[in-house]
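A.B. asks: turn this into a model:
(2 chains)
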Amino acid sequence: MNNVAQYDVESIRNDFPILGKKIHGNPLVYLDNAASSQHPVQVINAIKELYESGYSNIHRGVHQLSQDATKAYENGRASVRGFVNADCMHEIIFTSGTTESINLVAQSYARPLLKKGDEVLITHMEHHSNIVPWQIVCEQTGAELRVVPISGRGELEMDRFAALLSERTKMVAVGHVSNALGTVNPIKEIIDQAHALNVPVLVDGAQAVPHIPVDVQALDCDFYAFSGHKLYGPTGIGVLYGKEKFLSKMPPYKGGGDMILSVSFEKTEYNALPYKFEAGTPNIAGAIGLGAAIEYIQSIGLGAIAAHEHGLLEYATSKLRDIEGLRVIGEADQKAGLISFVLDQVHPHDIGTMLDMEGVAIRTGHHCAQPVMEHFKVPATARASFGMYNTFGEIDVLAEALNKTIGMFA
Amino acid sequence: MDNLRELYQEVILDHNKNKRNYRKIENPDSFAHGVNPLCGDQIDVYLNLRDGVVEDVSFDGQGCAICTSSASMMTVALKGKTEADAHALFESFHHALTDDEVHPEDVPLGKLKVLTGVKEFPVRVKCATLAWHTFDAALKKVQDDISTE
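C.D. replies: Next up is the predicted model:
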C-alpha cells in the first residue's frame, strides 16, 4: 500500500499535456488506454527534437546527421532490449506494431515449417490479430488451427490446453493479457508445457507490457510481440523479440533496402539480424519515441505503475459492481489494466455516447475479439482501461456518469 | 446535455424500450440481414407486400438505442406505403442524415424527424440508417425476383 500512497499521480499527469483538455466542457477522463495510450512531453519532445535538429535517414549516410540519427534509433532498440531483458540487441526487431510482429512469425517462421496434419494452438480469448495471421498460414499450408477454450470467468481452461498440446502442435500463440477481459494468462506455465514437447511459443504482449514487468529470458518465450502506442509511445512502431536461434534461420519477411548485404540479379545476400527483418527506411521517429516512452516508464517504475493500476482496478470493480444492472465481463483471479462490462438496459454504444458527453472516453464494441463476445453471449461490451495517469477520482466520475446513463434509459 | 436530449428524445427512448413490430414473419415475401461490422449491430427485416403496397414489415436483432428505435419507427412509417413511396422515404431519410448540405427541417420526414438529432453525432449516423438499408435491400430483392420471373 505504501507504494500506492507515494505514487505521485498528479506530477505524472502534468507530464501529459492532453490530460488538461476539456471534452464537451468537462475535464477529459481518459479510460481508453487499452486501445491507445497518451503521450508524455518527454516522448513528444524526443520526436520534436529529432525533426528539429537531428533527423536524417539511418544506416547509410556518412554525414553527421545520419550518424546521429542512427545512434538515436539504435538507442531506442537498446531501451527496448533492457525493458524486456532480451539477451542481445539483435533479438529486437522493430516492426509497425504487434500485428506485423505476429504476421512476421506466422509467415517467416511457421509457414515454411507447417504441413498437413500439423496444428497451431491459440486460445479463445485472442485479439483478431493473434487469430487471423494463423488462419492465413493454416490455409496456406493445410495445417489446422486449434483453440483452447475459456471458462465462464474468462480464464483459460488449462487442462484443455494440456490435452490439446500434442506432437502435432508446431506452434503455440497466446495473449499475455486479454484486451477484452483483462485476464492475465499463466504464460510461464504455458511456455513450460509447450517446451516439454519442443513447441515454440509466441506471446502477444500488446496489453501486458504497459502493466506487467516482462523478462523474456525468465519466461523463456520464443517470440514476444508488442506495440509502442499502448506503451505511451508513438503509433506505427512495434517490437518483435525473438530468440536468435529462430530468427537467424528464418527467411526475410519483406525484401528491400537495408535488409541486404549485397544484391546482384543472380543472388542477394541478406543482412545480419536484426536488419534482415527491417527492410526499407524504418520508422525512425517511432523507434526514438518508443525509447523515450520506455525511459519515462522506467523513471517512474513499472512496479509502482502496476501497483497503482491494480488499486484502480480493484476500486473500479467494487464501485461498478455496486451499480444495479451492471455485469462485469471477465472475472479472472488475475486481471490487469481494464474492466469490461455491460448494462441490462443500455447498449454499449449508447453508454459510450452518454459517457463521452461527460468527458469520459471509454471503448465500446467487440474489441477485435468477436469470439470472446460470442462466448459471453453479448454483442459488445463497454470497456474502461487504465493507465499510469488515471486517478481514483476519475473512477468516481465514471461511476456517476454510468448512473446518469441508467437514469436516462430506465 | 442538450445535445444528448436531442439525440435521445423521449420518443426514441420509448421505441427502444417498447419496440413496435419486433417479431419474425414466417415465410415473408422478402427478408434481408443487415450488419454494421464496426459495432456488431445486427438487424433482420421481414417484408410482406400486397399489390405493390407494404402490407407488413417487421424486424428483429440486436442494436443500440438509436439502431433499435430507428428500426421500430421505420416499420410504423412504412406500413401501407406503396413500394415507390417506401423507397422514396428511405431516400429522404438517408439524404437528411448523411448529406451535409441538407437541413433536416427541409425534408418531409413526419415523425421520423426526431431521429435527425443523430446528425450531431456523426459516428452514430450509421446506427440510425442500418434498418433502412436493410429494408431497402429486402425491397430490392423482391423487386429483382419479380423482374426475373
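A.B. asks: could you point out the helix or strand that follows the helix or strand bottoming out on mean pLDDT in chain B?
C.D. replies: Per-element confidence for chain B was summarised using mean pLDDT, DSSP states H and E. The lowest value among helices and strands belongs to helix B:2-7, with a mean of 79. Scanning forward in sequence from helix B:2-7 by DSSP states H and E, the next helix or strand is helix B:10-17.
A.B. asks: test my guess that B:Thr75 contacts B:Val54.
C.D. replies: No. Assessed by C-beta atoms under 8 Å, B:Thr75 is found out of contact with B:Val54, at 9.2 Å. Every residue, glycine included, has its C-beta placed from N, CA and C.
A.B. asks: mind checking the SS state of whichever residue of the stretch 151-300 of chain A sits closest to chain B?
C.D. replies: Using C-beta to the nearest C-beta, the point where the stretch 151-300 of chain A gets nearest to chain B is A:Ala180, with a distance of 12.5 Å. With DSSP: H, G, I helix; E, B strand; the rest coil as the basis, A:Ala180 sits in coil.
A.B. asks: verify the stated contact: it with A:Met373.
C.D. replies: Yes. When contacts are counted by C-beta under 8 Å, A:Ala180 is listed as touching A:Met373 (7.5 Å).
A.B. asks: what about these two, which has more around it?
C.D. replies: The residue with more neighbours, out of A:Ala180 and A:Met373 and counting by other C-beta atoms under 10 Å in any protein chain shown, is A:Ala180; that gives 30 against 19.
A.B. asks: how near is that one to A:Leu343?
C.D. replies: Separation of A:Ala180 from A:Leu343 (C-beta to C-beta, to the nearest Å): 17 Å.
A.B. asks: could you export whichever helix in chain B runs longest as CSV, CA atoms only?
C.D. replies: Taking DSSP state H as the criterion, chain B has its longest helix at helix B:125-148. Taking Å, rounded to 0.1, in the frame of the first residue of the first chain, the C-alpha atoms of helix B:125-148 are listed here in CSV:
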residue,chain,number,x,y,z
VAL,B,125,-25.5,8.1,-38.1
LYS,B,126,-24.8,4.5,-39.3
CYS,B,127,-26.8,3.3,-36.3
ALA,B,128,-29.9,5.2,-37.5
THR,B,129,-29.6,4.1,-41.1
LEU,B,130,-28.9,0.4,-40.7
ALA,B,131,-32.5,-0.7,-40.6
TRP,B,132,-33.4,1.4,-43.6
HIS,B,133,-30.6,0.0,-45.7
THR,B,134,-31.7,-3.5,-44.7
PHE,B,135,-35.3,-2.7,-45.6
ASP,B,136,-34.2,-1.3,-48.9
ALA,B,137,-32.2,-4.4,-49.6
ALA,B,138,-35.3,-6.6,-48.8
LEU,B,139,-37.4,-4.4,-51.1
LYS,B,140,-34.9,-4.7,-54.0
LYS,B,141,-34.7,-8.4,-53.5
VAL,B,142,-38.4,-8.8,-54.0
GLN,B,143,-38.4,-6.4,-57.0
ASP,B,144,-35.5,-8.3,-58.6
ASP,B,145,-37.4,-11.6,-58.0
ILE,B,146,-40.4,-10.2,-59.8
SER,B,147,-38.3,-8.8,-62.7
THR,B,148,-36.5,-12.0,-63.3
